[in-house]
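Chemist: this one's sequence-less:
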């Protein structure tokens, strides 16, 4: 049996964030839910993990909540509530620079900042901006499918919003 841990200070708050960094995004496993900006906050009173899904109807939201619950429970934070907060809406601006590097290495063109949302897509394989939109929807609703006109490779681009 795992002992229940009380979240009462910044050290434990930091400990929970560290645990949540071990929870990968189920659709893009090279990044975790903290790097993607899905975890908005951890509160000590009331004991809550506040998350914002990338899209209101994101099919992975339930699975992410389940993975968080399992991670918290196995580390003694079984009293911690997980709260979905839809406002403010998630934005790609919350993705960390480290996650953007990982996305590119994984073959996904990471999003620009929302202020530059019309920036040209960049092939994550050859860095060419000579690209073409194939479909507004890629492998998941949060990505669009592009093709590089130089290396001829298809790639997903994370939609900026």
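Modeler: Structure received. From a predicted model like this one, the values you see are computed outputs, not experimental measurements.
Chemist: what residues of stretch 74-82 count as buried?
Modeler: Of the residues in stretch 74-82, those buried under the neighbour-count criterion (16 or more other Cβ atoms under 10 Å) are 75, 77, 80. Every residue, glycine included, has its C-beta placed from N, CA and C.
Chemist: secondary structure added to those, as TSV?
Modeler: Rendered in TSV, the data for the buried residues of stretch 74-82 read as follows (DSSP: H, G, I helix; E, B strand; the rest coil):
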residue	secondary structure
75	coil
77	coil
80	coil
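Chemist: using TSV, please lay out those together with pLDDT and distance to residue 54.
Modeler: Output for those, formatted as TSV (pLDDT from 0 to 100; distance: Cβ to Cβ, whole Å):
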residue	pLDDT	distance to residue 54
75	96	25
77	94	24
80	94	22
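Chemist: closest one of those residues to residue 127?
Modeler: Of all these, the one sitting nearest residue 127 is residue 75; the distance, using Cβ to Cβ, is 40.4 Å.
Chemist: give me the nearest residue to that closest one, chain neighbours excluded.
Modeler: On the basis of Cβ to Cβ, 6 or more residues apart in numbering, the spatially nearest residue to residue 75 that is not a chain neighbour turns out to be residue 19, at 5.6 Å.
Chemist: name the SS class of the one you found, please.
Modeler: The three-state label given to residue 19 by three-state DSSP is helix.
Chemist: just confirm residue 84 contacts residue 54, I think it does.
Modeler: No. Between residue 84 and residue 54 there is no contact, the gap being 11.9 Å when judged by Cβ atoms under 8 Å.
Chemist: those two - which one has more neighbours?
Modeler: Using other Cβ atoms under 10 Å as the criterion, residue 84 and residue 54 rank with residue 54 on top: 26 against 14.
Chemist: residues contacting the spatially most central residue of the chain?
Modeler: To find the centre residue of the chain, average its C-alpha atoms and take the closest one (Cα atoms, centre = their mean): that gives residue 36, at 2.7 Å. Taking Cβ atoms under 8 Å, 6 or more residues apart in numbering as the criterion, residue 36 is in contact with 25, 28, 54, 94-95, 99.
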